[in-house]
Structure formats: C-alpha cells, structure tokens
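Participant: After the sequence you'll find the predicted model.
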Amino acid sequence: MNKNKKTLLLLLCIVLLIVTTAFVKKIKLKTMEVNITTYEQGIDTAAFILQNENIISFKGANSIQFDVDEGAKISLNTVIGHSGEGNVNTQEALELDIINWKIENEQHKDENILNRDLEKINKELKALQKKIDHSTKKNKRKELMAKKEQLNNKKQIILGAFRYTFTDKKRLIELKDQLEKDDAIAEGNITSEKLGISYPGYVFFQRDGFESILHKDLIGDINEKYFIDILEYADKNTKDKNQYNNNEQVIKFIDDTKMYLIAKVPLNIFEEKEEKLFSLRQDLDSSWKTSGDSSLYSFVEKRKDILHQFPRIKIKYKDKEIWGYLLDINKDDVKDEKVATIKLDTNNHHLVGQRNINVYLYDAEYKGYLLPKSAVITKNKEKGVLKLNKNREKQFTKIAIKKELEDLVVLDPKENADIKLGDSILINP
C-alpha cells in the first residue's frame, strides 16, 4: 500500500511538472502581431511667440472710448474707438528715448547688464512703493510718486532696449532719424490706417510685458543663453500686474500673418530637417541679399514659394494642431541644446496674444512595421526576428531595418517581403 502511494505520488509530481513547464513556456513566449503602424517622435517643450506688432500709447491725454472688444480681428478701416483732440502717440517718444539711451550706453550690448539694471530698478520700485504706502504727508507722498514715475520711465527704457540687443550703432541711428519724422495723432474716429498701421490684424488694449523682450527684430539672433534670460524674465516680471503706468492707454496691433515660435530643444531633435535647412539657406544666401530685404526672414515673408521649401514642422498646442516652417537653428557650442525658429502658418488665431506657452513639437513620422528592439536578434552576422509558423515553431527571418529609434525599429514592408501582416513575432527571443 505504501509502495502504491509512493508510485501514485511520483506520477502526480511528474504530471504537475510537465503541466507547469508547459504553462511557464507559454507565459514566457511573448509575441506580437505584425501591423503597419504610424509612430510620431517629438518633444514637449517651453516656447515663446514672436510677432509683428505695433503699440500706440496715449499717456495723460483725453480718454479714448473703444468700440471693439479686446482681441477682435479688424480691418484697416474698422473704427476701433473715438477720442477728443490732442491724443498724441507717446510710444514713439519712448522708442526715441530708448534708442538715444542705447546709442549713449554702448556697454549695454550684453543682455546680462540689462537684466541686472532691470532687477535693480524693480527692487527700488518695491522699496519706494512701501514708502508711498506708509507716507502720511501730502508733499512727501507727491515727491515719492514723482520719483516712482521717473523710475518707471527708466524701467521702460531699459526694457525697450532688449529689442536692440543685437542692433549695431549704424542701424540705431537710422531708426532714430525715422522716428524723429513720425507723428501719430488720434482725434475723432480711430482706425488702424489713421494711426499708421499698414496691416489688418488683431487689436489689444494692454501690454503683456514681452513687447521688447520678444520683438520681431530679434528673430534669428536668439540663442540658448538669451532664451534662458527670457524664461527668467517671464518668471520675475510678468507676475507684477502694476508694472506699467496706469495713466496710459494702449492700442496694440498684431499681424497674425507674421508670427514665429522659438523653442529650446535637444541637439538630436530635427537632425534630418536641419540638414535640409542649412542646404536651403546656403542656396538662398545670395538671393535675399540682392533682393533689397533687410533679412532672410523679411525676404521669406514675401515669397511663399520660397517659404514652402523649408522643412515643415507640426506643432501641438493644447488640443490644436498647428503647422509651421523651420527657418533657423541657433546652436551654442558649449551646451547640448539649440534654439529653433519656426515661421507659423498664417491665420493661427489660437496663438494670437499668446507669449509663453508649452507645445509638443513633432520631429519625425515613421510608418511601417514597428517592432521592439528586444525582438531583433543576430544570427550569422545577420539581423532578424523569430517568426512563429502555423505549428508555432520558431523560424529565423532576416530583416532590413529602415530606422532605429530609442526602443523600436522601423521596417519598410517593401524591403521585408518575408514578413507579412498578421505574422506572429517573438518579442523576447
């Protein structure tokens, strides 16, 4: 009896071992079905919007009554609002002060100096505001308010000077001469055309703090260092809702046909597009320089046939899909990142009025058989995969890899005739 029990127990153990081994093998035998898949590679990143914009500022003048909503799209002859006599554009006077200051202070070529001056003034303004809040004497308060206005004016000049960070002295003098001839007056019905604006677009009635920091004149010159400065500026300055003079009224015009996105990305992003970009720019170098345009960007803005030759970029902003063209890559030899400049397609109203945003930039799109790298093995110096036949037997099949990604390989179906749709591939051979 004991002998029979032992024999039965042994048989049960053998059966259990066979079943367990088969089960384990089945569990370990992970497979995937071959399908044609599209894979989009890209990166989430911070970005800034640069745009063609003009500001008309009316300070200490008769109040302007606006007839359109902020953010409205208007034509050149749309009546924006109306005012009494004597409203003169003080923004041009400010721009003239900025240029004169920039010419006289050539040491401020480095944006770091501008940042330090701006930070110093912000600290002085905060300290001054505390004194004003605790001042009880009328004359003393008036004196402090006058000092605050002087500091605010100086701040606006330094802030405005960022626009001219990369502008040489000769160009500054040309701009100065032009501003001294200009004069915009708002009386009666106000339209874009009456204020000297030459494009239809969107209208706003307040500053956002980035007008000079992200001025269109800076396109092509923004490197990684300046990009970081913008991020720091955004963090420190745009939180202050009272940084602008409350006595001024502002009309800001934005041209949505000339909008750019700049983003800081790793060096390995846009590598294929970058090769195409620099080849195209070399070909265009002589063309735009003989066109009479001041830069490649103004040349491309006029020539859509040229623009459409640049590498196309897909951008995701929130749930919106936006397209643009890669016009420039600015590298810093010391760092492992670069700044991409992208000309946005026209009529991107989702980005009008935006400045500091987060986007997803698509680098490349791959379509074909996408397999995990773990499925690829090497046999006799040839790369391949283990395909299961109808009897679930492993069969080595050579493959031609079109592209290797971080965790995947892409196969072109035309170059891999031995692999068919629906085949089972071992993913952990």
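Facilitator: Yes, it's here.
Participant: Packing partners of the longest strand anywhere in the chain?
Facilitator: Longest strand of the chain, by residue count under DSSP state E: strand 36-59. If you count contacts as 3 or more C-beta pairs under 8 Å, 6 or more residues apart in numbering; DSSP states H and E, strand 36-59 packs onto strand 81-88, helix 91-104, helix 224-237, strand 248-266, strand 356-372. C-beta here means a position set from N, CA and C on the backbone, and glycine is covered the same way.
Participant: Could you list the low-pLDDT ranges of the stretch 1-150 of the chain?
Facilitator: 1-29, 59-62, 84-97, 99-119, 121, 138-139, 150 (pLDDT under 70).
Participant: Identify the residue spatially nearest to residue 291, adjacent ones excluded.
Facilitator: residue 299 (5.3 Å; C-beta to C-beta, 6 or more residues apart in numbering).
Participant: go on, residue 341?
Facilitator: Nearest non-adjacent residue to residue 341, counting by C-beta to C-beta, 6+ apart: residue 328, 3.9 Å away.
Participant: Can you tell me the SS state at that neighbour?
Facilitator: Under DSSP: H, G, I helix; E, B strand; the rest coil, residue 328 falls in the strand class.
Participant: now the helices and strands packed on strand 36-59 in a markdown table, with mean neighbour count and distance to residue 70?
Facilitator: A markdown table is the format used below for these (neighbours: other C-beta atoms under 10 Å; distance: least, C-beta to C-beta, whole Å):
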| stretch | mean neighbour count | distance to residue 70 |
| --- | --- | --- |
| strand 81-88 | 16 | 11 |
| helix 91-104 | 18 | 18 |
| helix 224-237 | 17 | 21 |
| strand 248-266 | 21 | 9 |
| strand 356-372 | 17 | 19 |
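Participant: right, so of these, which gets closest to residue 133?
Facilitator: The closest of those to residue 133 is helix 224-237. By C-beta to C-beta, the value is 20.9 Å.
Participant: any idea of the mean pLDDT in stretch 401-418?
Facilitator: When pLDDT is averaged over stretch 401-418, the result is 91.
Participant: What ranges in the stretch 201-350 of the chain fall below the confidence cut-off?
Facilitator: Those would be 237-247, 333-334, 347-348, if you go by pLDDT under 70 across the stretch 201-350 of the chain.
Participant: could you pull out the strands for it?
Facilitator: Shown for the stretch 201-350 of the chain, the strands assigned by DSSP state E, counting those that start in this stretch span residues 201-204, 248-266, 312-317, 320-331, 337-344.
Participant: Between those, which one is closest to residue 192.
Facilitator: strand 248-266 (6.2 Å).
Participant: Can you give the strand pairings for the closest one, parallel or anti for each?
Facilitator: Note on strand 248-266: by DSSP bridges, its sheet partners are strand 36-59 (antiparallel), strand 201-204 (antiparallel), strand 337-344 (antiparallel).
Participant: Deepest-packed of those, please.
Facilitator: strand 337-344 (a mean of 22; mean count of other C-beta atoms under 10 Å).
Participant: which residues are in contact with it?
Facilitator: Here strand 337-344 makes contact (C-beta atoms under 8 Å, 6 or more residues apart in numbering) with 219-220, 222-224, 227, 259-267, 269-270, 297, 300-301, 307, 310, 313, 315, 322-332, 351, 361.
Participant: Setting the sequence-adjacent residues aside, check what's closest to residue 339.
Facilitator: Per C-beta to C-beta, 6+ apart, closest to residue 339 is residue 330, 4.4 Å.
Participant: Please report how far residue 418 lies from residue 411.
Facilitator: Relative to residue 411, residue 418 is positioned 11 Å away (C-beta to C-beta, to the nearest Å).
Participant: neighbour-wise, which of the two wins?
Facilitator: Remark: of residue 418 and residue 411, residue 411 carries more neighbours, 22 against 12, as counted by other C-beta atoms under 10 Å.
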